[in-house]
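Trainee: Structure of the sequence below:
(one chain, ligands or ions: 1)
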Amino acid sequence: MAVRCVTGILWGDEGKGKIIDRLAADTDCVVRYGGGHNAGHTIFLGGEKLVLHLIPSGILHPGVLNIVGNGVVVDPWHLEEEIEGLRGRGAEVELGVNFFVSEGAHVILPLHRALDQVAEQIRGSDKIGTTGRGIGPTYADRASRTGLRMGDLVRPARLSRALDYLLAEKNPLLRAFDLPEVERGPLETQLIEFGQRLRPAITDTGHMLRSAYACDQRILIEGAQGVLLDVDHGSYPFVTSSSSSTGGVAVGTGLPPSAIGEVLVIVKAYSTRVGEGPFPSELFGEIGDQLRTAGNEFGSTTGRPRRCGWFDTVAVKYAVAVSGTTRLAMTNLDVLSGFDPLPLAVAYDLNGERISDRLPLFDIEEATAVCEEMPGFQDDVTGVRRYADLPVQARNYVEAIEDRVGVPIEIISVGPERDQVIER
Ligand code: IMP
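Mentor: A predicted model of the protein is given here:
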């Protein structure tokens with residue numbers, strides 16, 4: 001059976017958690033392919049808020065396998081905390097039963113966090129606005145072949161060799177930045193202990209997945225972040241360090257690219273971004289503040305206020321093409337109630353040139369959005385469950401976006417709870 005893939009369209013925080021949680025109910029296996037605990041997938045269960053950072057959203061569904069793929073970077077300190085937190089809320093997380101981590105997934109160490117923060121200080125006012133969780137430096141070590149992998153934690157001799165290389169490179173660097181050097185002994189002991197505790201979960205998940213695929217199991221791939229945070233296809237350098245668009249799926253899971261069938265991409269009814277970087281349809285001042293308050297737009301991982309802006313059809317159309325989106329799910333439509341008119345970014349002005357048919361990614365920092373105004377709606381739509389029952393202005397807004405980006409919006413979320421969804 002073709003693999004289904006879900007990811008975010010622009011800069012993450014589109015509300016993937018809720019949609020993936022819904023789809024996970026009729027899935028055999030949910031897999032993460034990239035990113036780390038920089039992600040935050042928020043789910044509301046019976047009014048209670050739950051944020052998953054590293055563990056796939058299928059964990060709340062009994063009988064579903066949850067796999068952290070080789071393309072993910074894993075902070076074992078965080079992983080154990082997240083497992084304990086979930087168990088404390090009544091979720092069953094059984095290592096080697098319903099939860100697995102790829103032996104090829106790279107390990108985030110405290111030194112990576114320290115280097116992440118130093119890199120930001122060096123950039124000064126040009127900082128990326130990272131989550132500070134060591135994501136970039138860990139992927140850098142993966143590419144330069146000095147990284148530790150989860151499989152090393154259960155192979156002490158290999159761990160020891162890998163630490164030799166890593167610390168020979170990193171300790172002089174830490175010293176140069178006036179940071180404390182890493183004491184090898186205590187770190188090695190801690191990593192071996194993680195290996196002993198996590199051993200049942202650490203395995204060749206690529207083989208597991210290919211076997212599941214061959215047996216026609218229902219596999220759901222869970223993206224973190226969004227297409228415009230992709231290291232190659234996003235607003236570089238204001239991106240994360242992995243291939244967060246669907247191109248990363250084969251790389252980060254070991255499934256063949258041809259396995260991907262459906263690509264469901266999550267789009268918010270307006271735009272948001274945390275961290276620095278270009279955002280052509282960004283709103284400044286009172287309306288931006290109102291949107292942030294109405295949508296409770298604060299980062300689920302860092303708590304930072306999200307920057308808010310109007311829906312950007314130019315950026316979304318680009319991300320649809322890059323990711324191979326076959327259908328869209330729109331979240332937070334309810335938040336737009338009361339905003340009248342509703343501007344829609346339909347083109348960019350780039351130094352006097354009007355562009356609507358492509359995303360001028362390299363020069364996007366100089367682009368400003370050109371908006372068309374649509375009539376807004378006033379009604380509370382949180383109780384609506386049938387598309388036909390939405391106010392006509394809301395339907396016109398949804399359909400105008402579909403026309404411009406060229407794919408259907410088949411799911412519309414109108415509130416945080418699991419059942420606040422319209423399926424078309
Ligand atoms: P990093 O991934 O921590 O290196 O951060 C790089 C950029 O990606 C920053 O702008 C972060 O705010 C952003 N980012 C990383 N993960 C997420 C996410 O899951 N949602 C939204 N933004 C993210």
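Trainee: ok, stretch 286-298 near the ligand or not?
Mentor: No. Using Cβ under 6 Å from any ligand atom, stretch 286-298 never reaches the ligand; the gap is at least 11.2 Å. C-beta: built from backbone N, CA, C; applies to glycine.
Trainee: and that stretch, C-alpha only, in PDB?
Mentor: Only the C-alpha atoms of stretch 286-298 are listed here, as PDB (Å, rounded to 0.1, in the frame of the first residue of the first chain):
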ATOM      1  CA  GLU A 286      -2.300  45.900  16.000                       C
ATOM      2  CA  ILE A 287      -3.800  43.400  13.500                       C
ATOM      3  CA  GLY A 288      -0.800  41.100  13.800                       C
ATOM      4  CA  ASP A 289      -1.200  41.200  17.600                       C
ATOM      5  CA  GLN A 290      -4.900  40.500  17.300                       C
ATOM      6  CA  LEU A 291      -4.200  37.500  15.100                       C
ATOM      7  CA  ARG A 292      -1.500  36.200  17.500                       C
ATOM      8  CA  THR A 293      -4.000  36.500  20.400                       C
ATOM      9  CA  ALA A 294      -6.900  35.000  18.500                       C
ATOM     10  CA  GLY A 295      -4.800  32.000  17.300                       C
ATOM     11  CA  ASN A 296      -2.800  31.700  20.600                       C
ATOM     12  CA  GLU A 297       0.300  31.900  18.400                       C
ATOM     13  CA  PHE A 298       3.100  31.000  20.800                       C
END
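Trainee: what is the rounded mean pLDDT of it?
Mentor: For stretch 286-298, mean pLDDT is 94.
Trainee: What lies in contact with that stretch?
Mentor: Applying Cβ atoms under 8 Å, 6 or more residues apart in numbering, the contact partners of stretch 286-298 are 13, 270, 272, 282-283, 304-309, 332, 335, 338-339.
Trainee: Do a quick rundown of the helices in the protein.
Mentor: 16-24, 76-88, 110-123, 135-143, 156-176, 184-198, 205-214, 248-253, 286-294, 313-323, 392-405 (DSSP state H).
Trainee: Which of the contacts of stretch 286-298 are buried, as a ChimeraX select command?
Mentor: The following ChimeraX line selects those of those that are buried, judged by 16 or more other Cβ atoms under 10 Å:
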select :13,270,272,282,283,306,307,308,309,332,335,339
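Trainee: any idea which of the contacts of stretch 286-298 is the one closest to Leu109?
Mentor: Arg304 (24.1 Å; Cβ to Cβ).
Trainee: that older thread, got the helices of the chain as JSON lines, with mean neighbour count columns?
Mentor: Below are the helices of the chain laid out as JSON lines (neighbours: other Cβ atoms under 10 Å):
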{"stretch": "helix 16-24", "mean neighbour count": "24"}
{"stretch": "helix 76-88", "mean neighbour count": "16"}
{"stretch": "helix 110-123", "mean neighbour count": "18"}
{"stretch": "helix 135-143", "mean neighbour count": "22"}
{"stretch": "helix 156-176", "mean neighbour count": "15"}
{"stretch": "helix 184-198", "mean neighbour count": "15"}
{"stretch": "helix 205-214", "mean neighbour count": "17"}
{"stretch": "helix 248-253", "mean neighbour count": "24"}
{"stretch": "helix 286-294", "mean neighbour count": "15"}
{"stretch": "helix 313-323", "mean neighbour count": "23"}
{"stretch": "helix 392-405", "mean neighbour count": "17"}
